[in-house]
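Colleague: For reference, the sequence and a predicted model appear below.
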Amino acid sequence: MLFDLDHHLDSSSSSDAESAGKAPGKRTLTAALPRQGAPGASAAQASISSPAPEAPDAFDFSYAQPLDPNDQAVEAEVQRHLEAGERDVNAITDAAYYRLYPELAGEKIAKGSEQARTWLWLRDMFVTPALRRAPAATPAPSPSPEADVYRTQNDNLYMAGGTCNMTSLTMALLSFADGDETLVKQKAGTALQRLGKPLGGIKIDGKREDLRHAIETPGLLARIQVEDLLTTLANLKGLKVTHGDTILAIAKETELVATGKAGITGYLKDTKTRARAAEMLAQGQQVILGVQGGPGHYVFLTQVLDDGIVVHDPAGCRCQYDAPYFLPTAQATTYWLKTMMTSLGRAGWTEAARRRLSHNPGMLEIVEHLVAARRLAGKEQASAIKELATGGPLAMGESNFYSLADIAHYKMDIRVEMQGT
């Protein structure tokens, strides 16, 4: 569960305004409002492009007041934009102004003019109070992650405890490949062959095989983990898998990813960053997040919701900031079930697990059974554990939900962005 804390910033970092895909202060609504060719208006002007009109002197109370404060048309226009998620005071005031004076659409407002005074009055009488009452804008939910495949780092051959990086990348590549694991393996194998150097050996079913031969033999390639191919590729190129730019570089080597960004490009506690993340997912891009606590951790983003995010965590269900961290993704054996049952007795773990697994009903049910088993003793407890010990997978890291409070607590950020080919 590693990323390099000394290598978490690079030149691809951007401001919130850049992350949101807008220039600071850019207005976006007035171009769609009615324009009726007022005299002197330029056909090229679709909105007011200058800053908001200058406010009167602090002691000048001569605002123009052309309307009754309860004017329903203005209130309806303001409310319409608030319900659409707009929170820019200037943009909403523009919309209200042109709702009243559509014949002036596109006409620049001169400082100190009667028009400027009207604009300011609308802002202060209608828009600012409405913004204060309105809840913060939330991003539209991103598409549900039916096509996303969950993978765990815990069964990787190489560096299992430290390959959240390549495992998160594997999930991203599988999404780009529509779940075709064979294609991803072939792409990774081809990238290894392009190195033009000895690739060494790999252990398959307990037997050492030449890696180049294994890549060229479909039956052997089918039994190699994607993550192990990617980790080998990074190591042979002299790259550290804990670095975000390594994740992006290896992604590009597979030719399933055309471009992207590495480094912190936004913090998910910010509404604009979450909105941008939702937009990336909606466009078919893939996003890997950084999670703080211990040496740091990578997870794969699958959904952005109004009240939080959903991720695939390669290690398991995160219940604590510091070690021990997880209910691990593991097999349903007596050993692992007892270990998880004991962990759920730690302060706050049951509540954290229930919240984290609220979008993973199968694993939430296992947790509830383990919580109930903790109340039993002796043979009754042993019988309850035995009933759960099916030997099947316990995908505790699949579809983990982080509330807005969790996002802030774990200081979650966007670490790698990828666009497919």
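Modeller: Looks like it arrived, so ask away. Numbers count the residues shown, from 1 in each chain.

Colleague: can you map out the strands along the stretch 201-350 of the chain?
Modeller: Using DSSP state E, counting those that start in this stretch, the strands found in the stretch 201-350 of the chain span residues 201-204, 207-210, 257-267, 286-291, 297-305, 308-312, 316-318, 326-328, 330-331.

Colleague: Direction included, what does the third one pair against?
Modeller: Pointing back at strand 257-267 there. strand 413-420 (antiparallel) (DSSP bridges).

Colleague: what's the partner strand in contact with?
Modeller: 3, 8, 169, 172, 176, 244, 247-248, 251, 256-268, 273, 276-277, 280, 284-290, 298 (Cβ atoms under 8 Å, 6 or more residues apart in numbering). (Glycine included, C-beta is placed from N, CA and C.)

Colleague: Got a ChimeraX select line for the buried ones in those?
Modeller: If you want just the buried ones from the contacts of strand 413-420 in ChimeraX, going by 16 or more other Cβ atoms under 10 Å, the selection is:
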select :3,8,169,172,176,244,247,248,251,256,257,260,261,262,263,264,265,266,267,268,273,276,277,280,285,286,287,288,289,290,298
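
Colleague: hmm, back to that, out of the strands of the stretch 201-350 of the chain, which comes closest to R223?
Modeller: For R223, the closest of the strands of the stretch 201-350 of the chain is strand 201-204, at 5.2 Å, according to Cβ to Cβ.

Colleague: Contacts for that closest one next, please.
Modeller: Contacts for strand 201-204 (Cβ under 8 Å, 6+ apart): L157, R208, E209, D210, L211, A214, L220, R223, I224, D228, T232.

Colleague: tell me the phi and psi of the closest residue to the fifth one other than its chain neighbours?
Modeller: Read it as L211. Of all residues not flanking L211 in the chain, L199 sits nearest, at 4.0 Å (Cβ to Cβ, 6 or more residues apart in numbering). As for L199, its main-chain torsions (degrees, to the nearest 10) stand at phi -100, psi -10.

Colleague: what's around L199, how many residues?
Modeller: Here the number of neighbours of L199 (other Cβ atoms under 10 Å) works out to 19.

Colleague: distance of it from V287?
Modeller: 31 Å (Cβ to Cβ, to the nearest Å).

Colleague: and the gap between T190 and T342?
Modeller: 45 Å.

Colleague: and L183, what does it touch?
Modeller: With contact set as Cβ under 8 Å, 6+ apart, L183 has these partners: A177.

Colleague: Look up the pLDDT of it for me, please.
Modeller: On the pLDDT scale, L183 is placed at 96.

Colleague: Could you check how far it is from Y150?
Modeller: Note on L183: its distance to Y150, by Cβ to Cβ, is 18 Å.

Colleague: and if you look at L131?
Modeller: The value you get for L131 to Y150, if Cβ to Cβ is used, is 41 Å.

Colleague: The two: which has the busier surroundings?
Modeller: Taking other Cβ under 10 Å, L131 and Y150 do not tie; Y150 has more neighbours (21 against 16).

Colleague: quick one, what contacts that one?
Modeller: The contact partners of Y150, by Cβ under 8 Å, 6+ apart, come to M171, H312, A395, G397, E398, S399.

Colleague: any idea which of the residues you listed has the most stuff around it?
Modeller: Highest neighbour count within those, by other Cβ under 10 Å: G397, with 31 neighbours.

Colleague: Can you name the residues that contact it?
Modeller: Y150, T152, H312, D313, P314, A315, G316, C317, F326, T329.

Colleague: Widest-spaced pair of those residues?
Modeller: Pairwise over the contacts of G397, using Cβ to Cβ, the maximum falls at Y150 and F326, 14.5 Å.

Colleague: Any stretches of the stretch 1-150 of the chain with poor pLDDT?
Modeller: Along the stretch 1-150 of the chain, segments meeting pLDDT under 70 span 1-72, 136-147.

Colleague: now do 90
Modeller: For the stretch 1-150 of the chain, applying pLDDT under 90 flags the ranges 1-148.

Colleague: before we move on, what SS does D94 have?
Modeller: When classified by DSSP: H, G, I helix; E, B strand; the rest coil, D94 comes out as helix.

Colleague: So what's the residue count around it?
Modeller: Neighbours of D94 (other Cβ under 10 Å): 27.

Colleague: again with Y335
Modeller: Neighbour tally, Y335, other Cβ under 10 Å: 11.

Colleague: what helices or strands is the helix or strand harbouring A76 leaning on?
Modeller: Assignment of secondary structure by DSSP states H and E places A76 within helix 72-83. Contact partners of helix 72-83 among helices and strands, from 3 or more Cβ pairs under 8 Å, 6 or more residues apart in numbering; DSSP states H and E: helix 89-100, helix 128-133.

Colleague: got the buried residues for the first one?
Modeller: By that I understand helix 89-100. Buried-residue list, helix 89-100, by 16+ other Cβ under 10 Å: N90, A91, I92, T93, D94, A95, A96, Y97, Y98, R99.

Colleague: same check, this time on the shortest one
Modeller: The neighbour-count criterion (16+ other Cβ under 10 Å) identifies A130, L131 as the buried residues of helix 128-133.

Colleague: hmm, who's touching it?
Modeller: E75, V78, Q79, L82, R87, V89, I92.

Colleague: Identify the residues contacting the first one.
Modeller: Read it as E75. Listed by Cβ under 8 Å, 6+ apart, the contact set of E75 reads F126, A130.

Colleague: count of residues packed around E365?
Modeller: So E365, with other Cβ under 10 Å, has 12 neighbours.
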